[in-house]
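Student: when you get a sec, could you give me coordinates for this:
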Amino acid sequence: MATGHPLWDKALRELPKEDQATLKSHWTGSSPEDLIKDIEKHQKATKEKSVIKLRNQKYFVRDVLGKVTTWLQKFVQVGDTIVQHDPGHAALPWAAVRLILQATLNNQEKHAAVVGGLETITHYAAWSKIEEGNLLITYDGHDQLEKEFVKLYAAMLTFMAHAIQFLYSKRGYRVFASLISGDSQLTEDIKSMTKSKLSIEGSTRQILSQTSHKQYGLAKTIATQIADLEQPIIRVEKAIESQSQILDHQMNEEILDWASVIAYQKHLQVVGNKITPGTGQWLLTDNSFTGWQSSSCSEILWLHGSSGTGKSTLVSILLQSLIEAHEKHHAPYPIYFFCSRNTAEPERANPEDILRCLMRQASDIPGGPPLHSNLRARFERRRPAGAASAEEATDIIMNTIRDRPLTYIVIDALDECDPQSRDVLIDSLVVILSQSTSLVKIFVTSRHGHMDITSRMNVYPAVAIDAACNQADVDLYVRNSVRTAVERKKLLRTVKVDKGLEDKIVDSLCRGAQGMFRWVELQIKFLCTLHIRSVLLSRLEKLPPSLQQIYDELYTLKMQEMGEEQAEVTRKILSLLLVAQRPLSTTELINLACAPDEPYMSAETVLEMCFDLVRLDQWRDESNWKWKDTFRFSHLSVREFLESRSAEYALTEMHTMATHACLDLATGPRTDWTDEVPYPVLHWPQHAEIATRGSVDGTIESLDKFLNLGGESFRRWGEALFKIPVFTDGIIDQEALSKFATAIPRIAGEISPMFVVVCYNLPRYLRRLLSEAASLKEVGAKALSLASHWGKIENVRLLLQAGVDVNSYWVGETALMRSSFDGNVEVVEFLLVNGAHIDARDGEGRSALWLTARYGIAETALLLLENGADGIQKDHHGESILEAAAGPHCVTSEVAQLLLERKAFERETFAKAFRAAARNKKVEFVTLFATFASQIGTPGSSYSDALSAASKWGNAQAVKLLLERGTRINADAFEFSVPDLQVLKFLLGYDTCNVFYSGSEAYRFALRGATKGCNLEVFKLLLTYDIEGICTPGNVIFEEALQDIYSRERALCRHVEDLDNDPVELQFYTASLTEVRLIKDLLHQHAAQAADRALPVARRSRSCDVLGTTPKPQIRLSHSTPRHPTRTVRRDESTELAHYKLNRACHRPELLDGFPLFDDHFYLAASQH
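Tutor: Residues are numbered from 1 along each chain as shown. Have a look, this model is predicted:
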């Protein structure tokens, strides 16, 4: 059989007879367009994310089929010049391909290898069409190249034949019984195709390198067409409005800031500024990287290398390429994080903070919906208990990305994450990878030598950075850096650097770099300190090979040059950067390191003194959300180098120095700096804790003087503290402010050191203050409460030993209540052992167990119950502990389950708690209570009451769960606070007793509630049930509903007019106004249609004659239950009013704003007509 294409004919003849016969019967009868239609039809019919497994990896079928479609479309679209020379490609065995496609679509899991082979065949078909159509027609003497094309086509045909035999013949199942194993025949066929394609690519490069000048244009055309063909497959999420809600802008920001306030975008900007143009492209073309990016299975790619090899820069280049692709609508926006080991930014090394930042990004994609509903829902449930946990953040990320075709997650410097907890981050990434129902690509980087990371990552594809990979980038970086140094007269400033010397410097640095950019940077810095040519040449012969050595030499040289006094200031600056508890603004660092001797030192001076160990950066101050200048170490290796000099930078000595510096500044005579330099006022205790812990006697000289009762220093510090504005949204200083806010009273101008010391681990000073205290009656209760609140068990022990009453009250609470509420289990246990009354109550009648239950502190609740706490008691408002455990502040059902299992409730209490759980949108609570209700024989009314609470507050999942368990529906279930469409549908679907009909109480409840939510779909659904015609003019409920709609419209109009130029708010309120007007029009239309059905033809005609109008749908002119007593009115007034209102209602209902529609004047006048 001739195919119409000579090379495909030759390829077919290369196959065994059996394979030829298989293909000949399926050669003609289809086209690429037919295959595209088949796939599109399948994609529309199949919405779920189909997954196939092959060689222990999950492949997403929708993604594979998407790529098959792309290759087929590109095959069809290849230029006319090629097609007219190559008509035979149209006669390829597309019928065979279609046959394979249809079989795999019907049973994807079983035919995993075939699905992958289809993508390869369609890809290579499009590629070969370009290559063959240009090369074989243009160039003479191409016999060898022709043979290679025949070999590729034979491999492709072999795969098709084997696939058809496997799919349709019994023999195929025997031959390919080992399909799922890695060495299956089909897998080998795919490898054979790939090998043949690579061989053609090699021959093509050789031909193009020998092309004549005249043929250069065609060679360039081939390259362009191939580049266009190999463009990344577009996998972009379409913005689906139904997945999000148009929220108020401020609420959006509040939710996002609850998720994370880390300035991740700034970190990318900082790293991106260091990129040398033209570098890093080797990664984007690396085979492992392109395979990871283009495959249809979720994968982790691990990039690892030595310190200073440019891993962060490569991550920045990758992110920039993805962001550029996103802007062209070719790829999704990446989710990313740059980890950093820095005491001033602990959140950048904390796995939970990192996951929360990823959660924020996943929910707030640039160019996508304003805010994903998953994050908002979790915010509403989780906010009372604080930030989301690592598990919750992981869950939100997976739920958020599940409907997206592709998600990129990029994590830089995994090794800089806290070694004690980074397995939490790795575990979360693995969970996202393995359990996500959509395609996920994860890219992580780390340094060598971290066995915990290596053991987890070595099972995934990896790219190792070495000199062979990035040598070209290093060479370019060296040339640019040396040229810059020469041009700026930094190298041999007094000597002219000729081309030969410059080349020698470049050559020496390139040979010694071993792929390390940081090493090059430091070597050039050192070379710039040399002033004699011969010394520089000598240095080039013995460049230190490691970063540690170059740091040692540079540090020693610079410190000697500065002299001891300046060197001491430099050590102080570096020490403060090593131990700072948050980023220090430039003003704060300069004041701490130099004031009062040198208060006006500039940032430029600091940078010069620290000779490239420190760089200037920016940091967002969460107290006022402003960006401030700050100093950071230039590279992680700087911190590691300084930490290695433990004698010079000992931890205890550095914190002692920081404590002195903070107290000197905070208690000095100057008070005009407080707003700009809050750090010393707020953070001296944190330095003091670590310093005293490491000192011999647990004291610090400056702290002794500072804590003297009634001392001048302490008074000045108190005055400085109260000048700092208290803020609520910040994170970094919030704990310090909270401690001081509760610890320091301003009673008659006195401030007590006692209340400060008990909030921190300063036991030596607490003992001294206790011994000096005249009486503990007044201060003991507060001190004990504060120590319990902050979980300082050693301070609690000292206070009890000093005679403080364990059951004393402060602001209405005992220490046991306070520590239970805060979840300090160790303190709770210690207090119970020492005689704390377990059932003592506060001013509201709430015990420690009640407070613990309210916030779901399960571990503390269990401890209290095991020690005999009364679980049945109620507070002064009649709210039981079980109700508190099911209330809006509780985020976990563990405490409620403990109480239920221990029968710590009464029957009445259970019913109220059941309602509370249903109202507060906690489905797991409803499930728990429903299960226990069936066990204890709770009456059906409890279920119905819970159903009413759940429907009233729009808890759709709880409503569904209760209805599925057979809960009886009553009219109260339709008394919505704000009607939820899904809730209404569930109720109507399960209303077997016909509780809901238009004349019923349930209908009136629903209609009244619908006006509060103004949901168009809810109104449409309600009106379809108006069989009795309740929604007509003259009905009280209908008139009230319509008036509510008009009132809402007027209010929204006024709000829109008063809005500033805020596009988000304008969009929100305009959308709301549009929906209200649609509801208004819907009600008028329904009322007119209902009246038209109710009026006899004669009366309708008569009304039209009176008004002088053409017959149109009229409103009903009868009213059985008038709202007001009928009044006597003059006939002319009544006639005029009737004419006026009827005309408006029938023709211009939009003009009725602000007028009562159907009052007694109207009905009386209408009846007289």
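
Student: tell me which element F337 falls in.
Tutor: strand 335-338 (DSSP states H and E).

Student: just the helices in the stretch 1-150 of the chain please.
Tutor: Ranges of helices in the stretch 1-150 of the chain, per DSSP state H, counting those that start in this stretch, are 6-14, 17-24, 32-45, 61-77, 80-85, 94-106, 112-138, 143-168.

Student: thinking again about what came up before, what is the strand holding F337 packed up against?
Tutor: Secondary structure elements in contact with strand 335-338, counted by 3 or more CB pairs under 8 Å, 6 or more residues apart in numbering; DSSP states H and E, are helix 264-272, helix 311-327, helix 351-363, strand 406-412. For every residue, glycine as well, the C-beta is placed using N, CA and C.

Student: Provide the strand pairings for that strand, with the direction of each partner.
Tutor: For strand 335-338, the paired strands and their directions (DSSP bridges) read strand 406-412 (parallel).

Student: for the helix or strand following the strand it pairs with, buried residues please.
Tutor: Downstream of strand 406-412, the next assigned helix or strand under DSSP H and E is helix 422-435. Neighbour counts over helix 422-435 (16 or more other CB atoms under 10 Å) mark R422, V424, L425, I426, S428, L429, I432, L433 as buried.

Student: now helix 422-435: how far from the chain's centre is it?
Tutor: 15 Å (CA atoms, centre = their mean, to the nearest Å).

Student: okay, buried residues for the lengthiest helix in the chain please.
Tutor: Counting residues, the longest helix found in the chain (DSSP state H) is helix 1063-1094. Under the neighbour-count criterion of 16+ other CB under 10 Å, helix 1063-1094 has 1065, 1068-1069, 1072-1073, 1075-1077, 1079-1080, 1082-1084, 1086-1088, 1090-1091, 1094 buried.

Student: which secondary structure elements does that helix sit against?
Tutor: In terms of contacts (3+ CB pairs under 8 Å, 6+ apart), helix 1063-1094 is packed against helix 249-259, helix 1016-1024, helix 1036-1058, helix 1131-1147.

Student: format the helices of the stretch 1-150 of the chain as a markdown table; extra columns: mean neighbour count and distance to I936.
Tutor: Listed next are these as a markdown table, based on neighbours: other CB atoms under 10 Å; distance: least, CB to CB, whole Å:
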| stretch | mean neighbour count | distance to I936 |
| --- | --- | --- |
| helix 6-14 | 18 | 76 |
| helix 17-24 | 15 | 68 |
| helix 32-45 | 15 | 47 |
| helix 61-77 | 20 | 48 |
| helix 80-85 | 13 | 78 |
| helix 94-106 | 20 | 51 |
| helix 112-138 | 22 | 50 |
| helix 143-168 | 21 | 58 |
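
Student: got those helices as JSON lines, with mean pLDDT columns?
Tutor: Listed next are those as JSON lines, based on pLDDT from 0 to 100:
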{"stretch": "helix 6-14", "mean pLDDT": "83"}
{"stretch": "helix 17-24", "mean pLDDT": "82"}
{"stretch": "helix 32-45", "mean pLDDT": "73"}
{"stretch": "helix 61-77", "mean pLDDT": "73"}
{"stretch": "helix 80-85", "mean pLDDT": "42"}
{"stretch": "helix 94-106", "mean pLDDT": "74"}
{"stretch": "helix 112-138", "mean pLDDT": "72"}
{"stretch": "helix 143-168", "mean pLDDT": "83"}
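
Student: I'd like the ones you listed as JSON lines, with distance to T586 appended.
Tutor: Listed next are the helices of the stretch 1-150 of the chain as JSON lines, based on distance: least, CB to CB, whole Å:
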{"stretch": "helix 6-14", "distance to T586": "70"}
{"stretch": "helix 17-24", "distance to T586": "74"}
{"stretch": "helix 32-45", "distance to T586": "56"}
{"stretch": "helix 61-77", "distance to T586": "49"}
{"stretch": "helix 80-85", "distance to T586": "62"}
{"stretch": "helix 94-106", "distance to T586": "63"}
{"stretch": "helix 112-138", "distance to T586": "55"}
{"stretch": "helix 143-168", "distance to T586": "63"}
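
Student: out of the ones you listed, flag the one nearest F996.
Tutor: For these, proximity to F996 was assessed by CB to CB; helix 32-45 is nearest, at 35.0 Å.

Student: just the CA trace of the closest one, in CSV.
Tutor: Provided in CSV are the C-alpha atoms of helix 32-45 (Å, rounded to 0.1, in the frame of the first residue of the first chain):
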residue,chain,number,x,y,z
PRO,A,32,-5.7,15.6,12.7
GLU,A,33,-8.8,17.7,12.9
ASP,A,34,-10.8,14.5,13.7
LEU,A,35,-8.5,13.7,16.6
ILE,A,36,-8.8,17.3,18.0
LYS,A,37,-12.6,17.0,17.9
ASP,A,38,-12.5,13.7,19.7
ILE,A,39,-10.3,15.1,22.5
GLU,A,40,-12.4,18.3,22.9
LYS,A,41,-15.6,16.2,23.1
HIS,A,42,-14.0,14.0,25.8
GLN,A,43,-12.7,17.0,27.8
LYS,A,44,-16.2,18.6,27.8
ALA,A,45,-17.9,15.4,28.9
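
Student: which strands or helices does that helix pack on?
Tutor: Packed against helix 32-45, as judged by 3+ CB pairs under 8 Å, 6+ apart, are the following elements: helix 61-77, helix 94-106.

Student: select, out of those, the one closest to E964.
Tutor: Shortest distance between E964 and those, using CB to CB, is found for helix 61-77: 31.2 Å.
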